[in-house]
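Chemist: could you work out the structure for the sequence below:
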Amino acid sequence: MARVCQVTGKKPITGHHVSFSNIKTKRRFLPNLQTKRFFLAEEDRWITLKVSADGLRTINKRGLYAVVKELRAEGNKDI
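Modeler: Predicted structure coming up:
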């Protein structure tokens, strides 16, 4: 899978490197992605998600099962 957060949908964005002489060249801003294993207690199994730091905060706030249920409702079959 590409560099996309499975929870928040964050992707790389483009911008510029700006030198001291104000010359602009293209660059990419990549999201802070981590591959993390979570234990889904309701199903008694481990799942692996590629999540950003923001996605981890979302899971901590709303709960893993609620986030996974929403992802499955959106049509994500591999979770």
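Chemist: can you give me the helices in the protein?
Modeler: Here the chain has its helices, by DSSP state H, at 53-62, 64-73.
Chemist: among the ones you listed, which comes closest to Ile47?
Modeler: helix 64-73 (7.0 Å; CB to CB). From N, CA and C alone the C-beta is placed, and that goes for glycine too.
Chemist: centre of the chain to the closest one, how far?
Modeler: On the basis of CA atoms, centre = their mean, to the nearest Å, helix 64-73 sits 14 Å off its chain's mean C-alpha point.
Chemist: now stretch 17-24
Modeler: Mean C-alpha position of stretch 17-24 versus that of the full chain (CA atoms, centre = their mean) differs by 30 Å.
Chemist: pLDDT of it, averaged?
Modeler: The average pLDDT for stretch 17-24 rounds to 98.
Chemist: what's around the nearest residue to Ile59 once chain neighbours are set aside, how many residues?
Modeler: Spatially, and ignoring its direct neighbours in sequence, Ile59 is nearest to Val67 (5.3 Å; CB to CB, 6 or more residues apart in numbering). Per other CB atoms under 10 Å, the neighbour tally for Val67 reads 22.
Chemist: which residues sit in contact with Val67?
Modeler: Contacts for Val67 (CB atoms under 8 Å, 6 or more residues apart in numbering) come out as Val7, Thr58, Ile59.
Chemist: the first one contacts Asn60, doesn't it?
Modeler: No - with the criterion set as CB atoms under 8 Å, Val7 and Asn60 do not qualify as a contacting pair; they are 11.1 Å apart.
Chemist: now the helices of the chain as TSV including distance to Thr14 and mean pLDDT?
Modeler: Formatted as TSV, those follow (distance: least, CB to CB, whole Å; pLDDT from 0 to 100):
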stretch	distance to Thr14	mean pLDDT
helix 53-62	19	97
helix 64-73	27	95
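Chemist: ok, now which ones touch the most centrally placed residue in the chain?
Modeler: For the chain, the residue nearest the mean C-alpha position is Cys5 (2.0 Å; CA atoms, centre = their mean). Going by CB under 8 Å, 6+ apart, Cys5 touches Lys11, Pro31, Leu33, Lys50, Val51, Ser52, Asp54, Gly55.
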